[in-house]
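Participant: pasted the sequence and its predicted model underneath.
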Amino acid sequence: MAKDISILNKLQMTSLKKGNSSTFACMQSVLNYIESLPKSQCEMLLFLYDYFDAFPTVEAKYRYKIPFYFQKSWICYTAPKKNGDVELVFLRGSELSPYPFLESRGRKMVKGILYKSRDEILLETIEPVLMEALQLDLTVSYKLKKLKK
């Protein structure tokens, strides 16, 4: 019950701050999903959710069964892994500056950071990447690359 009250408080504060009733429904889906995860993953995803929620232009949405964070377009997503880890993935990671901690793991466009615990998540590491990703989203239109036949 206490969990439900904290989710409701978080939703009300954010929807008031961002001033949109559809935002409330999207965030409710995201928070319900996060709360359904095992404790360690829940802590990591809630911490990241709170961090992204502090940016007035960033909105959380529940897409493809995971939390995505949008500005004009998709910026990043958080993906819980079967082994208990959580990956923070930047969708236009290949267009960002080369950060040594961002890994492509064989993917062409996206790059991510894998976390095993909440203590590993350092905001001072994430912040420059997020700032660059937000700036890229505002200034350079995302162009879908056509596959060669």
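Facilitator: Received the coordinates, thanks.
Participant: element containing residue 126, please.
Facilitator: helix 123-139 (DSSP states H and E).
Participant: now stretch 83-95: mean pLDDT?
Facilitator: For stretch 83-95, mean pLDDT is 96.
Participant: next: stretch 31-48.
Facilitator: Averaging pLDDT along stretch 31-48 yields 93.
Participant: let's have the chain start at 711 instead
Facilitator: Done: numbering now begins at 711, and the last item shifts to stretch 741-758.
Participant: quick one, strands of the chain?
Facilitator: For the chain, the strands defined by DSSP state E cover 769-773, 776-780, 784-790, 796-800, 821-825.
Participant: deepest of those, which one?
Facilitator: Of all those, strand 796-800 has the most neighbours on average by mean count of other C-beta atoms under 10 Å, namely a mean of 23. C-beta coordinates here come from the backbone N, C-alpha and C atoms, glycine included.
Participant: show residues contacting that one.
Facilitator: Outside strand 796-800, the residues that touch it by C-beta atoms under 8 Å, 6 or more residues apart in numbering are 751, 754-755, 758, 785-791, 806, 812, 820-825, 836, 839, 843.
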